[in-house]
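> Just the structure for this:
(one chain, ligands or ions: 1)
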Amino acid sequence: AAITTSIGIHDIAFATGSYRIDLAELAARHGVEANKYYIGLGQSEMSVLANDEDVVTMAATAAQRILDRGDSRPIRTLIFATETGIDQSKAAGVYVHRLLGLGSDVRVVEVKQACYSATAALQFATALVARSPEEAVLVVASDVARYEIDSNAEATQGAGAVAMLVTADPAILEIEPVSGLFTEDVMDFWRPNHRSTAVVDGKLSIDAYINATTGAWADLASRGGPAFESIERFCYHQPFTRMAVKAHRKLAASVAELGNDEADVQLDGTFDYNRRIGNSYTASIYLALAALLDTDDDLAGKRLGFLSYGSGAVSEFFTGIVSAGYREHVRADENRALLDGRTPIGDEQYLALQRFTPADVSNYETTRETPGRFRFGGVDGDKRVYEVV
Ligand code: HMG
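Next up, the predicted model:
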């Protein structure tokens, strides 16, 4: 095979739940001002799944958008990144593989490390493409963020999936080879097997995130990574958009002596989707990239920085160069229509959907709600049922 040095994201598309709730609805129940969420967290609304949607249907919907566009290189690997696992053994990606109609000559695997694992998947994909540049790897990140009802963390829920096609000579972003890594065993956020909602120490998680940001940057710098000043924009994992601001201000002050206003400019354009979708865990940082590509038409040839964080905790700082001609490959209008097309729901309907989690029941059918092509039909004899509508 030909030797290739340019490997990265050739296509990127996302999907989310078909409902949305304005955070003012939540604020009213919590007895706080809506501005605590709108300004304090930097979140305006969050996506909510219909009862016949889950991580598999979202992932399939996002990936289908990529397949519909088409590429001549065969997909030989599908890596599914999630922390909303639906089975302790079978990879959720195998269901997606069938829903998409992929051939039997594809390897499928699921990876996990909180919100970080999509970045691991992306890096593994670049290595596979380096070995076999004529092949493509489909990376899908899909998650539903769930916390206890009435907890402080409830306003930082959300749901979303991002699919990315990783190839040689990518049309969107070439990923550069030097990465900064940081791993530390910390109990800031986790979800034991018996729980459907996460356990979180909110304040500790914010400190752990910031610590992992500066730690990963220090590793990148020590390995000869690009200079801070050469990076045009930064995409962060966004559990809520203000988290990115907090972490980046700290980093920019310590490594480049930038003030807050100067630091904030480096995040411009990366918040629009996460602000409206909420935390989508593994998908969040790549929703930041999608938002940036859709809003900034002057990125060709520019370097982007990426800070991926997953509680527990693993972080990675890496960089990429935006491809010439990327504008022809973005889906700005389609993406905005997708978000605008979600059905607004009030607190009562949201609560009813949150309580619909019969995880301990081996047989149930979901009601038909999703307007999407793929639906989760329920569980039959402990088997999850997925349908193409
Ligand atoms: P809280 O403790 O209720 O909020 O929950 P708070 O009191 O800290 O207020 C939040 C901000 O709103 C503050 O701003 C207030 O001042 C401000 P700050 O001081 O931080 O700049 N505020 C207002 N602003 C304007 N007008 C008002 C007003 N009132 C207050 N009227 C917390 C916040 C994030 C702790 C909670 O939502 C939580 O626990 N969320 C989940 C954990 C989380 O998202 N952590 C982020 C880092 S960890 C991570 O990113 C990993 C993760 O994605 C999981 C994974 O890796 O898998 C979570």
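> could you say which helix or strand contains Y209?
Assessed by DSSP states H and E, Y209 sits inside helix 202-222.
> Show me how far that helix is from its chain's centre.
19 Å (C-alpha atoms, centre = their mean, to the nearest Å).
> With stretch 32-44 instead?
Relative to the centre of its chain, stretch 32-44 is centred 21 Å away, using C-alpha atoms, centre = their mean.
> what about it and the ligand, touching?
Yes. Between stretch 32-44 and the ligand, judged by C-beta under 6 Å from any ligand atom, the touching residues are E33, N35, K36, I39, G40, L41. All C-beta spots, glycine's among them, are computed from the backbone N, C-alpha and C.
> Convert the helix holding Y209 to CSV, retaining C-alpha atoms only.
Backbone C-alpha positions of helix 202-222 (Å, rounded to 0.1, in the frame of the first residue of the first chain) are rendered in CSV as follows:
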residue,chain,number,x,y,z
GLY,A,202,-19.6,18.2,40.6
LYS,A,203,-17.0,20.5,42.1
LEU,A,204,-14.3,17.8,42.1
SER,A,205,-15.2,17.0,38.4
ILE,A,206,-14.6,20.6,37.4
ASP,A,207,-11.2,20.6,39.2
ALA,A,208,-10.3,17.2,37.7
TYR,A,209,-11.2,18.5,34.2
ILE,A,210,-9.0,21.6,34.5
ASN,A,211,-6.1,19.6,36.0
ALA,A,212,-6.4,17.1,33.1
THR,A,213,-6.4,20.0,30.6
THR,A,214,-3.1,21.5,31.8
GLY,A,215,-1.7,18.0,32.3
ALA,A,216,-2.4,16.9,28.7
TRP,A,217,-1.1,20.2,27.4
ALA,A,218,2.2,19.9,29.3
ASP,A,219,2.6,16.4,27.8
LEU,A,220,1.9,17.7,24.3
ALA,A,221,4.4,20.5,24.8
SER,A,222,7.1,18.2,26.1
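> which helices and strands sit right next to it?
For helix 202-222, the contact count by 3 or more C-beta pairs under 8 Å, 6 or more residues apart in numbering; DSSP states H and E identifies strand 180-183, helix 241-256, strand 303-310, strand 314-322 as packing neighbours.
> Could you point out the helix or strand that follows that helix?
Toward the C-terminus, helix 202-222 is succeeded by strand 233-236 as the next helix or strand (DSSP H and E).
> Show me what from the protein comes close to the ligand.
33, 35-36, 39-41, 83, 114-115, 152-153, 155-156, 188-189, 200, 202, 205-206, 209, 237, 239-240, 243, 279, 281, 309-311.
> among these, which ones are buried?
With neighbours counted using 16 or more other C-beta atoms under 10 Å, those contain these buried positions: 36, 41, 83, 114-115, 153, 155-156, 188-189, 200, 205-206, 209, 237, 239-240, 243, 279, 281, 309-311.
> before we move on, back to that, inside strands: which ones of the residues of stretch 32-44 next to the ligand?
Within these, membership in strands is found for no residue, as judged by DSSP state E.
> quick one: A288 is in a helix?
Yes. Assessed by DSSP: H, G, I helix; E, B strand; the rest coil, A288 belongs to a helix.
> Would you confirm that it contacts P239?
No. Counting by C-beta atoms under 8 Å, A288 sits too far from P239 to count as a contact (11.6 Å).
> Smallest gap between the stretch 201-350 of the chain and the ligand, at which residue?
When scored by C-beta to the nearest ligand atom, the stretch 201-350 of the chain has G202 as its residue closest to the ligand, at 2.6 Å.
> Contact partners for that residue?
N152, A153 (C-beta atoms under 8 Å, 6 or more residues apart in numbering).
> Would you quantify the distance from it to S311?
To S311, G202 is 11 Å away according to C-beta to C-beta, to the nearest Å.
> Please name the nearest non-neighbouring residue to R375.
Distances taken as C-beta to C-beta, 6 or more residues apart in numbering put D52 closest to R375, at 4.5 Å, once the chain neighbours are dropped.
> Actually, D268.
The shortest distance from D268 to any non-neighbouring residue, by C-beta to C-beta, 6+ apart, is to R233 (6.9 Å).
> all helices for the chain, in order.
Assignment of helices within the chain using DSSP state H yields the ranges 23-30, 34-35, 55-69, 92-100, 117-131, 202-222, 241-256, 260-265, 272-277, 284-295, 332-340, 347-354.
> I'd like those helices as TSV, with distance to T183 and mean pLDDT appended.
As requested, those are exported to TSV (distance: least, C-beta to C-beta, whole Å; pLDDT from 0 to 100):
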stretch	distance to T183	mean pLDDT
helix 23-30	33	98
helix 34-35	36	98
helix 55-69	25	98
helix 92-100	24	98
helix 117-131	11	98
helix 202-222	9	98
helix 241-256	17	98
helix 260-265	26	98
helix 272-277	24	98
helix 284-295	17	98
helix 332-340	33	98
helix 347-354	33	94
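> Could I get those helices in CSV, plus columns for distance to S323?
Compiled in CSV, these are given as follows (distance: least, C-beta to C-beta, whole Å):
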stretch, distance to S323
helix 23-30, 36
helix 34-35, 39
helix 55-69, 15
helix 92-100, 25
helix 117-131, 15
helix 202-222, 22
helix 241-256, 24
helix 260-265, 23
helix 272-277, 21
helix 284-295, 10
helix 332-340, 16
helix 347-354, 40
